[in-house]
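> Curious how this folds, go ahead:
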Amino acid sequence: MKRVLIGAVAASALLLTGVAQASADLAKNNGCLNCHTVETKLVGPSLKEIAAKYADKADAVDYLAGKITGGSSGVWGSMAMPPKGGSPTLSDADAKTLAEFIMTLK
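Numbering: from 1, shown residues only. From the prediction side, this is the model:
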């Protein structure tokens, strides 16, 4: 029984690592990392800062997905973020995946 449990935990960890990597790749491939980094402010706030700011917001994922899709200005300073971060190929589903990824970084 212990072996089955250990195997299930290990498989879950690998799956989560794969999901996180896929989400990080999605951020990289859509230009998010041109203005944001995980740890520190670049042009825009770090992804960890974003996660911390919205950590207590019940609808944080949907809110952030909307900001990613529609763009944003005035929340983090005078620099505006264009709709879809300037990536015309970013889908609404991918924006939600990015928002979910960001919220795991708190």
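> Name the helix or strand for the closest residue to residue 100 other than its chain neighbours, please.
Of all residues not flanking residue 100 in the chain, residue 61 sits nearest, at 5.4 Å (Cβ to Cβ, 6 or more residues apart in numbering). Using the backbone N, CA and C atoms, a C-beta is placed for each residue, glycine as well. In this structure, residue 61 sits in helix 60-70 according to DSSP states H and E.
> Buried residues, stretch 57-72. List them.
Of all the residues in stretch 57-72, those buried under the rule 16 or more other Cβ atoms under 10 Å are 60-61, 64-69, 72.
> so where's this protein uncertain?
1-20, 22 (pLDDT under 70).
> One more pass at 90, please.
Within the chain, the stretches with pLDDT under 90 are 1-25, 27-28, 85-89, 106.
> before we move on, the earlier item: so the residue nearest to residue 100 touches residue 98, yeah?
No. The pair residue 61 / residue 98 is not scored as a contact, 9.6 Å apart, by Cβ atoms under 8 Å.
> hey, where'd the helices end up in this protein?
Using DSSP state H, the helices of the chain run over residues 2-29, 47-53, 60-70, 92-103.
> ok, residues contacting the shortest one?
Okay, so that is helix 47-53. With contacts defined as Cβ atoms under 8 Å, 6 or more residues apart in numbering, helix 47-53 is touched by 27, 36-39, 41, 45, 64, 101-106.
> same deal with stretch 59-66?
Residues from elsewhere that reach stretch 59-66 (Cβ under 8 Å, 6+ apart): 50, 54, 57, 92, 95-96, 98-100, 102-103.
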